[in-house]
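**Q** with the sequence up front, the predicted model follows.
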Amino acid sequence: MKKLGVFVCWCGSNIASSVDVEQVVVQAAKLDGVVHAEHYMYMCSDPGQQKVKDAIKEKGLDGVVVACCSPRMHENTFRKAAGLVGLNPFLLEIANIREQCSWVHANNKPVATAKAVSIIEATLDKVKQNLPLETITIPLNKRVCVVGGGIAGIMSALDLADAGYEVVIIEKEPAIGGHVAQISTTFPYFQKLPELLQKKIDEVNAHPRITVYLSSEVDELEGYVGNFKVTIRTRPAFVDHDKCTGCGKCFEVCPVSVPDEFNRGLSQRGAIFRYNQGSEHQLPIINRDDCLHFSDGEQENGEKCQLCVDACAEQAIDLGAIRSLQEELVGAIVMATGYDVYSPANLPEYGGGRLPDVIDGLAFERLLDPKGPTGGRIVRPSDGRVPKSVVFIQCAGSRDPERHKAYCSRACCMYTAKQARLYKRQVDDGTAYISYMDIRSDSRDFEEFVQQGMEEENLVYIRGRVAKVFPEGDVLKVFTADTLSGRQLEIEADLVVLAMAMEPKSGVRELAKKMNVTIDGDGFLSETHIKLYPVESSTKGVYLAGCGQSPKDITDTVSQALATSGKIQTMFSNETLIADPLIAEVKEDVCSGCGICIDICPYGARIMDDFKRISMVNQAVCQGCGACIAACPNKACELINSTSRQFIRMVDDFSHKAQMA
Amino acid sequence: MKTVVSRDQVQGDFVKKVAEISGENFFNCYQCGNCSAGCPSVNEMDLLPSQVVRYLQLGLAEEVRNCKSMWVCAACMMCQARCPKGVDISKIMEALRVLQLREVDAKAHIDVTDFSEDYLERAPQIAMISGYRKFLPL
Ligand SMILES: Cc1cc2nc3c(=O)[nH]c(=O)nc-3n(C[C@H](O)[C@H](O)[C@H](O)COP(=O)(O)OP(=O)(O)OC[C@H]3O[C@@H](n4cnc5c(N)ncnc54)[C@H](O)[C@@H]3O)c2cc1C
Ligand code: SF4
Ligand code: SF4
Ligand code: SF4
Ligand code: SF4
């Protein structure tokens, strides 16, 4: 490289007030290889960029240093300009003489000026050793995998499929819908959720571009953005749904009776059952863990149970079915794994998990569902009596950094108001008390919804965290305080409803590890930036939506889901992906194959080539962070255009100057 | 001591009566405290105006019946003017006074014949009227 150019920016007075730019230009012009040097008030402006372009053209520059602000600001601007006039963009470097010079030596012009010259000199020495590079293109498979078929997964999948892309949904449970399927009515307008949800589920099932894997989980994930391979593990239903007519004979004969999870234990089910008993759309499945056929015990006649097989006229039941593994190739992934309700058993002081009439909010939703275990009648689980006094306890397990979850679960203030209002509408002579710390009603029409509940349904809000709940006779006693009147209260209740915290769905920690997606201290999937990259995970090509990322209501869940779809469509608007070539590189003859870099890389970009026994860099995944370079005991890896040689030379430049001074 | 709260109280006769006479729905109040912040008589009250409403929400009849605040209330209507939820506490205070007056011995107020003609000449009418309503043996 022989013909170098130096462009010194004033940045208005930001640089020029403490750096003598004219002097810098005079000094720079004398440096080895420099054939052009000039200064200008705003180099990033159009006329400024034109100066760079003109000099490159006229003087045939083959290396450029722009001395200005941080490369984070304008490296791209100048590289683009250089590229337009035929200079390889990677032969242009920024010398940061603002943040690292003029701003820190504002009162010392001689020092600032000398330092600016040093920085330029060192950067010139770097440019001399830069290689011209081409951006890397990566193939892009325009299919999407959505993990979790709750409302988040459903909305994301539908939007992407409508945009023309193939989508596969992987759902752990035997049906899609997630928690929304368990909720009867939503705030703030009392819309019926089952109808809204069923419409979306029908759309998914009818969509030619959506494939749903039920009772399935991610077994393994390989690959990287644009090119993932997902291995899907599916549990057998043991019932051939093409043959099954849904007659229900099998339910009648199955001798097993266990609490029904979907109904939060408010009803029983057999080992062969409909996942959502209220949904005539769902066909029977067998849960292997409950089924006597698979347990060690034998029937009286010494044979393994197969009563359902014998009862089924369609011969739809096959107890020999086994789990299956399938592969899907996709370019992007949406993690929509949702939440679990924090178990009431964690709150023994409220009798959670112990007293039958102390239930969680989701169980109360099941009582409200016309197709639920009580046909929509609100009754006490213990004796079927209509409760005349109900205490709702908010923040149960939330906002308790000492013993439970430090965070606010965000949807419970609103669903509690909704539940209390629905209760009063059904039992108009009943009294609904709501124990609260704050009422968080921070969205459109939410505050009005709560106030209306107070005004019209006379909800008795009591400000204070409940101390304990215990049975007395056939009622419950609730000890609490009302900080507004300054009284300690004792309330008699027939039913207590705990607005339990939401926590990340179980198993997500392991899944996140497989996907190389970071999680926060509470186990929720973390976004890259809470303000600007709210649905991007730490792994490129993996996006986040819904309660798996943090607790939220349906409105926010759906907004996020649609955002993931938008993000993925942006990515899919190109035929290939383009990656920065400033990444790590391995000297194959030096690498000993120790594998240290593989563990160190935060992006999972290093892979062992089993044949050559050396560590390779996945160009599509590497972010050029340099962690592996520092870790390698053999100095076998380098960052392209930021090699050790280049940096040692730059450090030499500085120390040489320092010695002379 | 624990204060027992029950459905019978919250939906009890006393609070229903106060609601009926005042025409106010206590549950409109969301306990912001604005009334208590502006009330000129608070220094002499045992319950803040907002607390009076709070006790009524919880149906604590005895406590409300025995409070001094209703007698201290100057009926200035500052609370009504400021309340963001349109609750008129001055009407509630009046309702409480009326209920008390109805219940206690009708002779418990001043008797005009106890005053000399001379005094009656000089006494402001408003003072006499409030004396009729307020001089109760508390
Ligand atoms: C009692 C209660 C009442 C509520 N009422 C309302 C209301 O009235 N209005 C409102 O707006 N919000 C309400 N909410 C909040 C609402 O439930 C959530 O906002 C919504 O369900 C979030 O949807 P989601 O898809 O993110 O998660 P989920 O509904 O939890 O769905 C996640 C799905 O992913 C699946 N999944 C999880 N992990 C995996 C895995 N590893 N592999 C494959 N699949 C997986 C799950 O099986 C599930 O189907 C309420 C919440 C509660 C607890
Ligand atoms: S084999 Fe027996 S226990 Fe198993 S699902 Fe059929 S009837 Fe129930
Ligand atoms: S949303 Fe309301 S009830 Fe739920 S944790 Fe937050 S403050 Fe408590
Ligand atoms: S009307 Fe009574 S309670 Fe209301 S501000 Fe005036 S004195 Fe206070
Ligand atoms: S100002 Fe109105 S809403 Fe606020 S505390 Fe007083 S009565 Fe209640």
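**A** Looks like it arrived, so ask away. Ligands and ions are numbered 1, 2, ... in the order given.

**Q** interface residues of chain A facing ligand 2?
**A** Neighbours of ligand 2 within chain A, by CB under 6 Å from any ligand atom: A:253-254, A:256, A:270-272, A:286, A:291-293, A:305-308. Bear in mind the C-beta positions are built from the backbone N, C-alpha and C, glycine included.

**Q** looking at these, which is nearest ligand 4?
**A** Nearest to ligand 4 out of those is A:G270 (CB to the nearest ligand atom; 64.0 Å).

**Q** I'd assumed A:F251 was in contact with that closest one.
**A** Yes - between A:G270 and A:F251 a contact is recorded at 5.6 Å, counting by CB atoms under 8 Å.

**Q** what about those two, which has more around it?
**A** Taking other CB atoms under 10 Å in any protein chain shown, A:G270 and A:F251 do not tie; A:G270 has more neighbours (23 against 17).

**Q** tell me the contacts of the more buried one?
**A** Counting by CB atoms under 8 Å, 6 or more residues apart in numbering or on different chains, A:G270 touches A:C250, A:F251, A:C254, A:P255, A:V256, A:S257, A:V258, A:D290.

**Q** what's the farthest-apart pair in those residues?
**A** With CB to CB as the measure, no two of the contacts of A:G270 lie farther apart than A:C250 and A:V258, at 15.3 Å.

**Q** redo the contacts of A:G270 as TSV? Include secondary structure and distance to B:M93.
**A** Shown next, in TSV, are these (DSSP: H, G, I helix; E, B strand; the rest coil; distance: CB to CB, whole Å):
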residue	secondary structure	distance to B:M93
A:C250	helix	69
A:F251	helix	64
A:C254	coil	67
A:P255	coil	68
A:V256	coil	65
A:S257	coil	61
A:V258	strand	59
A:D290	coil	64
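
**Q** so among those, which ones count as buried?
**A** Buried members of the contacts of A:G270, counted by 16 or more other CB atoms under 10 Å in any protein chain shown: A:C250, A:F251, A:C254, A:V256, A:D290.

**Q** now the first one: how far from A:N276?
**A** Per CB to CB, to the nearest Å, A:C250 is found 17 Å from A:N276.

**Q** again with the last one
**A** Taking CB to CB as the measure, A:D290 and A:N276 are separated by 17 Å.

**Q** ok, the fourth one next?
**A** Taking CB to CB as the criterion, A:V256 is separated from A:N276 by 18 Å.

**Q** could you check how far the lengthiest helix in chain B is from the centre of its chain?
**A** Taking DSSP state H as the criterion, chain B has its longest helix at helix B:89-103. Relative to the centre of its chain, helix B:89-103 is centred 5 Å away, using CA atoms, centre = their mean, to the nearest Å.

**Q** what's the answer for stretch A:419-431, then?
**A** For stretch A:419-431, the distance to the chain centre is 37 Å (CA atoms, centre = their mean).

**Q** do the same with stretch A:140-152
**A** 13 Å.

**Q** ok, now stretch A:58-77?
**A** 37 Å.

**Q** alpha carbons of it, as PDB, please.
**A** C-alpha atoms of stretch A:58-77 as PDB (Å, rounded to 0.1, in the frame of the first residue of the first chain):
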ATOM      1  CA  GLU A  58      -8.000  11.800  -8.200                       C
ATOM      2  CA  LYS A  59      -5.000  10.600  -6.200                       C
ATOM      3  CA  GLY A  60      -5.800   6.900  -6.600                       C
ATOM      4  CA  LEU A  61      -5.700   6.300  -2.800                       C
ATOM      5  CA  ASP A  62      -5.400   2.700  -1.800                       C
ATOM      6  CA  GLY A  63      -5.900   3.300   1.900                       C
ATOM      7  CA  VAL A  64      -7.800   5.900   3.900                       C
ATOM      8  CA  VAL A  65      -7.900   7.100   7.500                       C
ATOM      9  CA  VAL A  66     -10.700   9.400   8.600                       C
ATOM     10  CA  ALA A  67      -9.800  11.100  11.900                       C
ATOM     11  CA  CYS A  68     -13.100  11.900  13.500                       C
ATOM     12  CA  CYS A  69     -15.600  10.600  16.100                       C
ATOM     13  CA  SER A  70     -16.100   7.000  17.300                       C
ATOM     14  CA  PRO A  71     -16.300   4.400  14.500                       C
ATOM     15  CA  ARG A  72     -19.700   3.500  16.000                       C
ATOM     16  CA  MET A  73     -21.000   6.800  14.600                       C
ATOM     17  CA  HIS A  74     -19.700   7.000  11.000                       C
ATOM     18  CA  GLU A  75     -17.500   4.000  10.100                       C
ATOM     19  CA  ASN A  76     -20.300   2.800   7.900                       C
ATOM     20  CA  THR A  77     -20.900   6.200   6.300                       C
END
